[in-house]
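> Just need the structure, nothing else, for what follows:
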Amino acid sequence: MATAVTIAASGTASGSVDLTNGVELAGIELPAAKTGTGFALHVSRDNSTFLPLYGLASAANVTGVASTATAHYFEEGATRGWGFAKIVAASAQSAQITIQLLENRQRRG
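This is a model prediction of the structure:
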C-alpha cells in the first residue's frame, strides 16, 4: 500500500503520515516534477515537533535525480515506534508535488 503526501508550491514539508496503527514506511517515490534533489524523512511522537531521522550510519536522507522520477527504500524498522512522519525537501518546490510513501503494515497481536 502507499500513502500520498503533498508538498505545496513554495513549500518544503509534506503533511504528516499517521504511523500509530502499526504502519511502517518502507520506501518513497519521488516525482520527476520535483525541485532539487535532496529530501529527508522527519519523525515525531506528538505530530507537533518533527526531527530529522538518523540511523546508525547516517541520516535517512534521500537523494533523487533532477527531472527524473526515482524510488528509494528505507531501512527496515526505520520508522518503528514513531507516531508520525513527513518528508522535508532541501529546497522550496516550484510547483506542488505529490510523493508516494510505501507502507509496510505490521500485524497487531
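
> Centre-most residue in the protein?
Nearest residue to the geometric centre of the chain (CA atoms, centre = their mean): Ile87, 3.6 Å.

> Contacts only, for that one.
When contacts are counted by CB atoms under 8 Å, 6 or more residues apart in numbering, Ile87 touches Val5, Ile7, Ala13, Ser14, Ile28, Phe39, Ala40, Leu41, His42, Ile99, Leu101. No exception for glycine: its C-beta is placed from N, CA and C like everyone else's.

> hmm, which of those are the buried ones?
Among these, those scoring as buried are Val5, Ile7, Ser14, Ile28, Phe39, Ala40, Leu41, His42, Ile99, Leu101 (criterion: 16 or more other CB atoms under 10 Å).

> ok, what's across the strand from the fifth one?
Using DSSP bridges, the beta-bridge partners of Phe39 come out as Val62, Ala89.

> Isn't it up against Pro31?
No. With contact defined as CB atoms under 8 Å, Phe39 does not count as touching Pro31 (11.1 Å).

> anything in contact with each of the two?
Counting by CB under 8 Å, 6+ apart, the common neighbours of Phe39 and Pro31 are Ile99.
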